[in-house]
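J.: sequence and predicted structure are below.
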Amino acid sequence: MLGANGRTGSQLVRLALERDADVTAIVRSEDKRLDLEDDNLTTMLGDPCDPNFLSRAFRGKDVVVSTLGGRTPTKTATSVYYRSAEAIVEAARDTGLKRVLVTSTALLFPPRSLLDRLLPMIVRNTVSSARKMEQTLAGADISWTFARCGFLTDKDVTNYRAEIDHLPGNGSPVSRKGLASFLIDSIEHPDAICQVFGVSGPE
Ligand SMILES: NC(=O)c1ccc[n+]([C@@H]2O[C@H](COP(=O)([O-])OP(=O)(O)OC[C@H]3O[C@@H](n4cnc5c(N)ncnc54)[C@H](OP(=O)(O)O)[C@@H]3O)[C@@H](O)[C@H]2O)c1
């Protein structure tokens with residue numbers, strides 16, 4: 001789990017443990033360690049953009065889920081999308097890991113409104129880094145799933161709507177818990193392999 005201490009990532013770790021999965025949480029430093037005790041939880045400290053570190057983390061694992069994302073829209077912060085994708089691909093090649101799910105932005109879908117046209121100009125670094133991330137993963141020999149979403153909320157709601165190649169309905173915000181549920185539900189779902197999903201909240 002890359003981005004394990006993030007707001008969506010920590011929800012995902014909790015949900016995965018509830019489903020009896022063995023989880024390795026990757027965080028950058030000791031102070032980012034999750035405040036969670038579970039026999040099925042291992043924590044590794046390191047840089048998720050370092051392929052050598054990821055190779056060590058991926059060995060013997062079935063799937064990697066990344067909810068990494070820049071905390072500000074600067075070029076440097078948003079570069080974590082594509083830099084981690086490049087490292088994931090290299091480490092997956094090295095270890096034979098085949099299943100990767102990542103969060104991305106719904107701004108990569110064709111615009112449906114004026115706001116959809118304006119926002120990519122405002123957060124162009126996010127959009128270009130997310131595009132590069134998706135292209136890097138889609139070009140690799142792995143079974144990928146992209147979860148593109150619009151705005152995220154911290155509501156205590158696990159429901160979500162997900163549709164292939166577009167945001168469902170009016171593209172309402174989705175809770176981080178709902179996004180985490182979508183990712184967990186998709187891990188073993190054959191229909192999710194090599195698909196781009198738009199993920200929204202319930203109507
Ligand atoms: N916020 C929204 O409305 C929105 C909309 C569309 C898509 N998304 C995407 O949805 C996903 C989840 O969002 P969120 O708000 O739950 O995320 P978040 O709480 O901001 O967590 C981001 C995670 O990425 C890590 N990270 C950021 N930069 C890093 C770097 N340079 N190196 C290593 N780790 C780095 C953070 O670790 P540290 O704590 O160590 O920094 C943290 O674990 C992200 O991919 C985000 O881009 C968000």
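T.: Thanks, I have it.
J.: can you pull out the strands in this protein?
T.: 23-27, 41-45, 63-66, 99-105, 143-149, 152-153, 161-164, 174-175, 195-200 (DSSP state E).
J.: how near is the residue of the chain positioned farthest from its centre to the ligand?
T.: In terms of distance from the mean C-alpha position of the chain, Leu114 ranks first, at 26.7 Å (Cα atoms, centre = their mean). Leu114 sits 19 Å away from the ligand, going by Cβ to the nearest ligand atom, to the nearest Å. Using the backbone N, CA and C atoms, a C-beta is placed for each residue, glycine as well.
J.: equivalent analysis for Asp20, please.
T.: Asp20 sits 24 Å away from the ligand, going by Cβ to the nearest ligand atom.
J.: give me the pLDDT value at that residue.
T.: Looking at Asp20, its pLDDT is 96.
J.: count of residues packed around the residue nearest to Leu17 when sequence neighbours are not counted?
T.: Nearest residue to Leu17, sequence neighbours excluded (Cβ to Cβ, 6 or more residues apart in numbering): Asp38, at 5.0 Å. Counted with other Cβ atoms under 10 Å, the neighbours of Asp38 add up to 14.
J.: just to revisit the earlier point, so which of the strands of the chain is the most packed in?
T.: strand 174-175 (a mean of 26; mean count of other Cβ atoms under 10 Å).
J.: pLDDT on that strand, on average?
T.: 98.
J.: distance from the chain centre to that strand, please.
T.: 14 Å (Cα atoms, centre = their mean, to the nearest Å).
J.: helices or strands up against that strand?
T.: Under the contact criterion of 3 or more Cβ pairs under 8 Å, 6 or more residues apart in numbering; DSSP states H and E, strand 174-175 touches strand 152-153.
J.: which other helices and strands contact the strand it packs on?
T.: Checked by 3+ Cβ pairs under 8 Å, 6+ apart, strand 152-153 has strand 174-175, helix 176-187 packed alongside it.
J.: can you list the strands that the first one pairs with?
T.: Translated: strand 174-175. strand 152-153 (parallel) (DSSP bridges).
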